[in-house]
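> I would like to see how this sequence folds:
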Amino acid sequence: MVRVGQPLFGALALTWIAVMAASGGCSGGKPASGFPGAGSSSGAPDLTGDSGDNSSSGGFPVGSSSGLDLDTGTIAAPCPNGATGWCSKVDTSCSSSSPTTLTGKVFDPAGKNPLYSVVVFIPNDESTLPAITQGTHTCNTCDVPIGNYVVATTTDYTGTFTLQGVPTGTGVPVTVQIGKWRRTVPVNIMASCGTTTVSMSPTATPLLRLPGKKSEGDMPQMALLTGGCDDMACFLMNLGIDSAEFTAPGAGGRVSVYQGNSMPLGVGGAGPTLSNGTAGNCTTTSCPLWSTVQGFEAYDLALFSCECGEGMGINENATSYGNLRTWLNEGGKVFASHYHYTWFEDSPSADFKGVANWGNTGDNDIAGNGGTYDIDTSFPKGATFGQWLGAVGATASAGPPPTIDLTIVADSVKTVNAPTSRWIYDPNGNDVKYLSFETPIGGAPPPPDAGPESGKQYCGKAVFTDLHTGGSLFATAASVPADCKTANLTSQQKALEFLFFDLSACVTDDTQPVKIIPPPQ
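Okay, here's the model as predicted:
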């Protein structure tokens with residue numbers, strides 16, 4: 001939400017990631033060329049929604065009034081005489097029709113699937129990249145700076161980007177970032193006033209991908225609840241998250257594992273254990289993750305695997321539901337699978353109960369075999385989701401609307417209520433299979449000193465799916481990550497991958513097109 005008169009010193013903000021530079025591009029003091037020169041209470045420009053098909057503009061919204069160069073999608077910070085760092089390596093003798101250019105793709109941590117709306121930029125000095133801290137306890141999840149940069153852009157729905165006006169040299173740092181995922185790779189750019197192509201296939205070297213372990217870069221801190229009816233840990237491993245990152249809470253890994261249940265469908269006992277230590281105990285209502293708000297606040301994302309039945313009265317209660325709601329309103333993010341609809345349907349808060357009209361709930365809502373389902377393309381990001389699924393070979397048909405084949409699908413959601421977004425649904429009856437909503441529900445009022453064009457503020461995000469991430473009715477790994485098998489993602493898992501990284505990114509209103517506030521006069 002924009003504060004009038006507060007300068008935005010060199011930033012990139014498109015789609016649902018909003019980032020702010022700590023200092024002003026290579027010029028060190030004024031807004032980057034063509035970018036809004038206004039800051040926000042969270043250190044982010046005011047953005048809402050997404051632009052849909054950005055394939056011809058490097059991820060920037062076609063028709064935007066932001067003043068960006070929509071032919072290249074590149075934001076360039078002016079490099080004055082006497083510039084230092086990589087800014088001084090930009091060949092200013094190149095003509096405007098033939099700037100030094102870098103193109104390529106950005107992939108997931110596994111290096112297999114390209115990702116949409118990842119910020120790609122060249123820092124002026126890699127050693128001064130702003131610190132990223134883990135955990136969420138205030139409404140600042142969009143406050144993820146990219147710092148002092150030379151050029152910046154975002155990937156389109158095919159994962160492709162184009163940067164123009166890049167430096168020439170050996171080992172030019174190229175940083176990829178979405179939310180709290182960030183990694184920098186050295187790239188040789190030797191064709192001054194020409195084009196260098198990097199990482200256009202998963203076998204390319206060097207490969208621009210997100211980090212799979214914290215030694216490679218920055219990652220969000222995640223809490224993973226295991227359950228007897230979902231292999232979510234294995235899904236994360238096949239996204240490319242290293243097995244060493246799965247540890248006990250507080251043990252240093254980026255995925256803190258909590259053991260849930262496998263009740264009450266005759267599976268018996270607790271869910272999968274942790275092979276890299278002792279998991280947090282969430283088999284009772286004293287679970288340290290949700291017994292207090294502070295338990296959630298240590299994390300950026302909480303991931304709940306299906307436990308084969310409702311946890312209400314077993315390991316969850318009204319207090320824990322209230323703690324989740326408080327954390328989400330602060331800026332937390334949750335990914336909940338199947339029976340974890342109880343966090344919303346059984347919430348003591350009417351706004352959470354009302355995000356959807358619930359269907360076959362209760363412990364008898366056993367997931368069925370599945371079928372072919374539609375992608376909801378009626379809102380901008382949903383349309384891009386359908387395009388991305390086609391680009392990674394995950395659609396059953398191109399549509400319209402695009403369709404996808406799913407297995408092991410439950411029926412706990414009939415319809416959604418505004419402003420909840422529907423992503424995947426059954427065309428026969430419109431049962432919803434994946435939904436999301438931003439928090440606080442309906443948005444919070446903007447700060448009193450925000451600009452006149454400011455809208456409501458969203459801090460966190462919740463998603464719920466009736467799909468099992470593992471694609472089977474029961475968890476196949478008794479101990480994670482040791483029992484997980486390496487495999488390529490199925491079409492169903494690719495859909496969840498897009499939505500997982502969407503959850504990781506900056507929170508904006510998915511139902512609205514991009515809105516970039518112009519700079520104050």
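> remind me which residues of the stretch 401-521 of the chain are low pLDDT?
For the stretch 401-521 of the chain, the stretches with pLDDT under 70 are 447-455, 471, 513-521.
> please enumerate the helices of it.
Using DSSP state H, counting those that start in this stretch, the helices of the stretch 401-521 of the chain run over 491-504.
> got it, and the stretch 251-400 of the chain?
293-297, 318-330, 342-345, 350-353, 380-391.
> nearest to E216, of those helices?
Closest to E216 of these is helix 380-391 (Cβ to Cβ; 23.9 Å). For glycine as for every other residue, the C-beta is placed from the backbone atoms N, C-alpha and C.
> avg pLDDT for that closest one?
For helix 380-391, mean pLDDT is 94.
> and that helix, C-alpha only, in PDB?
Extracted as PDB, the C-alpha positions of helix 380-391 are listed here (Å, rounded to 0.1, in the frame of the first residue of the first chain):
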ATOM      1  CA  PRO A 380      -6.100 -13.900 -14.800                       C
ATOM      2  CA  LYS A 381      -3.900 -16.200 -12.800                       C
ATOM      3  CA  GLY A 382      -6.100 -19.200 -13.500                       C
ATOM      4  CA  ALA A 383      -5.700 -18.600 -17.200                       C
ATOM      5  CA  THR A 384      -1.900 -18.500 -16.800                       C
ATOM      6  CA  PHE A 385      -2.200 -21.700 -14.700                       C
ATOM      7  CA  GLY A 386      -3.800 -23.400 -17.700                       C
ATOM      8  CA  GLN A 387      -1.200 -22.100 -20.100                       C
ATOM      9  CA  TRP A 388       1.600 -23.300 -17.800                       C
ATOM     10  CA  LEU A 389       0.100 -26.800 -17.500                       C
ATOM     11  CA  GLY A 390       0.100 -27.000 -21.200                       C
ATOM     12  CA  ALA A 391       3.700 -25.900 -21.400                       C
END
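> just checking, what packs against that helix?
Contacts defined by 3 or more Cβ pairs under 8 Å, 6 or more residues apart in numbering; DSSP states H and E place helix 380-391 against strand 368-375, strand 421-425, helix 491-504.
> give me the buried positions along the first one.
When you say that, I think you mean strand 368-375. G370, Y373, D374, I375 (16 or more other Cβ atoms under 10 Å).
> wouldn't the second one be in contact with I404 here?
Yes: judged on Cβ atoms under 8 Å, Y373 makes contact with I404 at a distance of 5.8 Å.
> which residues are in contact with each of the two?
I424 (Cβ atoms under 8 Å, 6 or more residues apart in numbering).
> ok, back up a step: out of the helices and strands packed on helix 380-391, which gets nearest to C306?
C306 lies closest, by Cβ to Cβ, to one member of the helices and strands packed on helix 380-391: helix 491-504, at 12.8 Å.
> and the angle from that closest one to strand 421-425?
Orientation check (axes from the mean of the first three to the mean of the last three Cα atoms, to 10 degrees): helix 491-504 against strand 421-425 gives 170 degrees.
> tilt between helix 491-504 and strand 368-375?
60 degrees.
> and F246, bridged to which residues?
V255 (DSSP bridges).
> confidence score at it?
Reported pLDDT at F246 in the predicted model: 98.
> what about N488, neighbour count?
Around N488 sit 10 other residues, with neighbours defined as other Cβ atoms under 10 Å.
> tell me the contacts of it?
N488 neighbours (Cβ under 8 Å, 6+ apart): K112, N238.
> for R422, what are its contacts?
Per Cβ under 8 Å, 6+ apart, neighbours of R422: D376, G382, T415, V416, V432, Y434, L435.
> nearest residue to the fifth one in space, please, no chain neighbours.
Setting aside the residues directly before and after it, V432 is nearest to V413 in space (Cβ to Cβ, 6 or more residues apart in numbering), at 4.2 Å.
> pretty sure the one you found contacts L435?
Yes: between V413 and L435 there is a contact under Cβ under 8 Å: 6.4 Å.
> more crowded one of the two?
V413 (29 against 25).
> tell me what the more buried one is bridged to.
Note on V413: beta-bridge partners by DSSP bridges are W358.
> same question for T101.
Q164, T195.
> give me the low-pLDDT residue ranges for the stretch 151-300 of the chain?
263-268.
> residues contacting P206?
V185, P186, V187, V198, S199.
> pick out the most distant pair among those.
P186 and S199 (12.5 Å).
> so which of the two has more stuff around it?
S199 (26 against 12).
> contacts only, for that one.
With Cβ under 8 Å, 6+ apart, S199 has these contacts: G104, K105, V106, F107, P206, L207, L208, R209.
> can I get those in TSV with secondary structure and distance to T136?
Output for the contacts of S199, formatted as TSV (DSSP: H, G, I helix; E, B strand; the rest coil; distance: Cβ to Cβ, whole Å):
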residue	secondary structure	distance to T136
G104	strand	31
K105	strand	30
V106	coil	24
F107	strand	26
P206	coil	32
L207	coil	30
L208	coil	27
R209	strand	25
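> ok, those vs G135, which is closest?
R209 (24.5 Å).
> return the set of residues that bridge with that closest one.
Bridge pairing for R209 - DSSP bridges - gives F107.
> of the contacts of S199, select the buried ones using a ChimeraX command.
A single ChimeraX command selects the buried members of these (16+ other Cβ under 10 Å):
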select :104,105,106,107,207,208,209
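> verify the stated contact: G362 with E310.
Yes: the pair G362 / E310 is scored as a contact, 7.1 Å apart, by Cβ under 8 Å.
> the two - which one has more neighbours?
E310 (21 against 11).
> measure stretch 91-98 end to end?
11 Å (Cα to Cα, to the nearest Å).
> kindly report the same for stretch 343-351.
End-to-end for stretch 343-351, by Cα to Cα: 12 Å.
> next, the buried residues of it.
Those buried within stretch 343-351 under the rule 16+ other Cβ under 10 Å are W343, F344, E345, D346, S347, S349.
> ramachandran angles for E216?
Per-residue torsions, E216: phi -90, psi -10 (degrees, to the nearest 10).
> quick check: domain ranges of the protein?
For the chain, automatic domain parsing gives the domain ranges 1-211+511-516, 222-362+410-485.
> minimum distance to F500: which of those domains has it?
domain 222-362+410-485 (6.7 Å).
> start to end distance for that closest one?
OK, domain 222-362+410-485 end separation, Cα to Cα: 21 Å.
> kindly report the same for stretch 109-124.
24 Å.
> contact partners for the nearest residue to D351 once chain neighbours are set aside?
Nearest-residue entry for D351: I441, 4.4 Å, with adjacent residues in sequence omitted and distances by Cβ to Cβ, 6+ apart. By Cβ under 8 Å, 6+ apart, the contact set of I441 is D351, F352, V355, P419.
> any idea how far N369 is from the residue lying closest to S479 once chain neighbours are set aside?
Distances taken as Cβ to Cβ, 6+ apart place S275 nearest to S479, at 4.4 Å, with adjacent residues excluded. From S275 across to N369, the span is 31 Å (Cβ to Cβ, to the nearest Å).
> do E310 as well
22 Å.
> strands of the stretch 101-250 of the chain, start to end?
Taking DSSP state E, counting those that start in this stretch to define them, one finds strands in the stretch 101-250 of the chain at 101-105, 119-123, 149-154, 160-164, 169-178, 181-189, 195-198, 222-225, 246-247.
> just send these back as JSON lines, with distance to P445 too.
Shown next, in JSON lines, are the strands of the stretch 101-250 of the chain (distance: least, Cβ to Cβ, whole Å):
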{"stretch": "strand 101-105", "distance to P445": "40"}
{"stretch": "strand 119-123", "distance to P445": "29"}
{"stretch": "strand 149-154", "distance to P445": "29"}
{"stretch": "strand 160-164", "distance to P445": "36"}
{"stretch": "strand 169-178", "distance to P445": "28"}
{"stretch": "strand 181-189", "distance to P445": "30"}
{"stretch": "strand 195-198", "distance to P445": "44"}
{"stretch": "strand 222-225", "distance to P445": "30"}
{"stretch": "strand 246-247", "distance to P445": "40"}
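> tell me which of those lies nearest to H338.
Per Cβ to Cβ, nearest to H338 of the strands of the stretch 101-250 of the chain: strand 222-225, 12.4 Å.
> run me through the strand neighbours of that closest one, direction for each.
strand 255-259 (parallel), strand 301-304 (parallel).
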